[in-house]
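> Can you look at this prediction? I've put the sequence above it.
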Amino acid sequence: MPAKQKITPCLWFSGNAEEAMEFYFSIFKDGKILEKTYWKRGANAPELSVLTARFQIGGQEYIALNGGPEFNFNEAISLTIDCGSQEEIDDFTEKLIADGGEQGPCGWVKDKFGLSWQIVPSIIPEMLQDKDQGRVERVMDAVMQMRKLDVAKLEAAYRG
């Protein structure tokens, strides 16, 4: 049996955690629910509705909490998706902004639940750690001018 994940992000939803998980499972095909807990009778929620669900996408575990309307997601925390191609970037962007999400600057998107995601090409870390400061600055300037990141434009900026 594999070791249990030591740190697990908990995502607070306002009664729609199951809907959110199904949305994420439609995007990340390896998604699965690992366990659920339920509100007890008499709680300030529909009787025996889901309180928490531990789920997995992309090999990472999360907890979805139906905590209520008191808190909302904001950009102070985001999930980053490492993409190996422009096609992956395009696909994740399109799917995550569907049905009410929005494209932000520099590869950021917000899904219809308000959760922020960074959709990043795999080549970015190498480019930004280059010893040639001119290359780094050109790539950063290019990123800052983009909404959805464009691999071809980033590579052109990197080459100068």
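Done, it's in.
> how about the helices of this structure, start to end?
Remark: helices assigned in the chain by DSSP state H are 17-27, 86-97, 124-128, 133-145, 151-159.
> Touching the fourth one from outside, list them.
By that I understand helix 133-145. If you take C-beta atoms under 8 Å, 6 or more residues apart in numbering as the criterion, helix 133-145 is touched by 105-107, 124, 127-130, 149, 153-154, 156-158, 160. In this view, the C-beta of every residue, glycine as well, is placed from N, C-alpha and C.
> again, but for the first one
Residues from elsewhere that reach helix 17-27, judged by C-beta under 8 Å, 6+ apart: 11, 13, 31-33, 50, 52-53, 55, 57, 64-66, 92, 95-96, 111-113, 115.
> Could you tell me which of the residues you listed belong to strands?
11, 13, 32-33, 50, 52-53, 55, 57, 64-66 (DSSP state E).
> Among the residues you listed, which one lies nearest to residue 78?
residue 11 (11.6 Å; C-beta to C-beta).
> residues contacting residue 107?
89, 118-120, 143, 146-149.
> Between which two of these is the distance greatest?
120 and 147 (13.4 Å).
> So for the two, which sits in the more crowded spot?
residue 120 (19 against 13; other C-beta atoms under 10 Å).
> Which pLDDT does the model give the more buried one?
Reported pLDDT at residue 120 in the predicted model: 97.
> pLDDT below threshold where in the protein?
1-2, 47 (pLDDT under 70).
> make it 80
1-4, 41-48 (pLDDT under 80).
> picking that back up, top of the ones in strands among the contacts of helix 17-27 by number of neighbours, please.
Going by other C-beta under 10 Å, residue 64 tops those with 26 neighbours.
> re earlier: next, format the ones in strands among the contacts of helix 17-27 as TSV and append distance to residue 75.
As requested, these are exported to TSV (distance: C-beta to C-beta, whole Å):
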residue	distance to residue 75
11	14
13	17
32	28
33	27
50	26
52	24
53	24
55	23
57	20
64	19
65	20
66	22
